[in-house]
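**Student:** heads up, no residue letters with this:
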């Protein structure tokens, strides 16, 4: 049996490439490129290239804003080294529900809080001697 991604391979990341699961990726570089849109017209898109095994991901406005928020900057030159989580979901476009990839901040391991310093045992200083 042949999957859609095998029959129609893409050089860009697609929902099927995630295998139905979220994945954490580290941005290596983000570059402005000219890509063909759904209408066949050329348009400029920011494309994120990742440090490991993921294909590049062209960003729409929603994902651009998500990455900018995670990276703390809307300047793509500042995005290198930023870890993001890519996850499959759906969206509505032109009245149709379509599969898509969205971006969010990866879950970081919980930081263990150090216990507060123990209180000193000076509680009895103000008590009368017969209570001590």
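**Tutor:** Yep, it's here. It should be emphasised that the depicted structure is a prediction, and the values quoted were computed from it without experimental measurement.
**Student:** just say helix, strand or coil for residue 66.
**Tutor:** helix (DSSP: H, G, I helix; E, B strand; the rest coil).
**Student:** which residues does it contact?
**Tutor:** The contact partners of residue 66, taken as CB atoms under 8 Å, 6 or more residues apart in numbering, are 84, 102-104. Quick note: C-beta positions are derived from backbone N, CA and C, even for glycine.
**Student:** which among the residues you listed end up buried?
**Tutor:** Neighbour counting by 16 or more other CB atoms under 10 Å classes 84, 102-103 among these as buried.
**Student:** sheet partners, orientation included, of the single longest strand found in the chain?
**Tutor:** Ranked by residue count and defined by DSSP state E, the top strand of the chain is strand 23-36. According to DSSP bridges, strand 23-36 has the following sheet partners: strand 42-50 (antiparallel), strand 83-93 (antiparallel).
**Student:** what mean pLDDT does stretch 92-99 get?
**Tutor:** Averaging pLDDT along stretch 92-99 yields 92.
**Student:** and if you look at stretch 21-39?
**Tutor:** 93.
**Student:** bridged to the residue nearest in space to the middle of the chain, which residues?
**Tutor:** Residue closest to the average C-alpha location in the chain (CA atoms, centre = their mean): residue 84, at 2.6 Å. As for beta bridges, residue 84 partners with residue 25 under DSSP bridges.
**Student:** that one touches residue 28, doesn't it?
**Tutor:** No. Using CB atoms under 8 Å, residue 84 is not in contact with residue 28; the gap is 11.9 Å.
**Student:** and for residue 10, the neighbour number?
**Tutor:** Residues contacting residue 10 under the criterion other CB atoms under 10 Å number 10.
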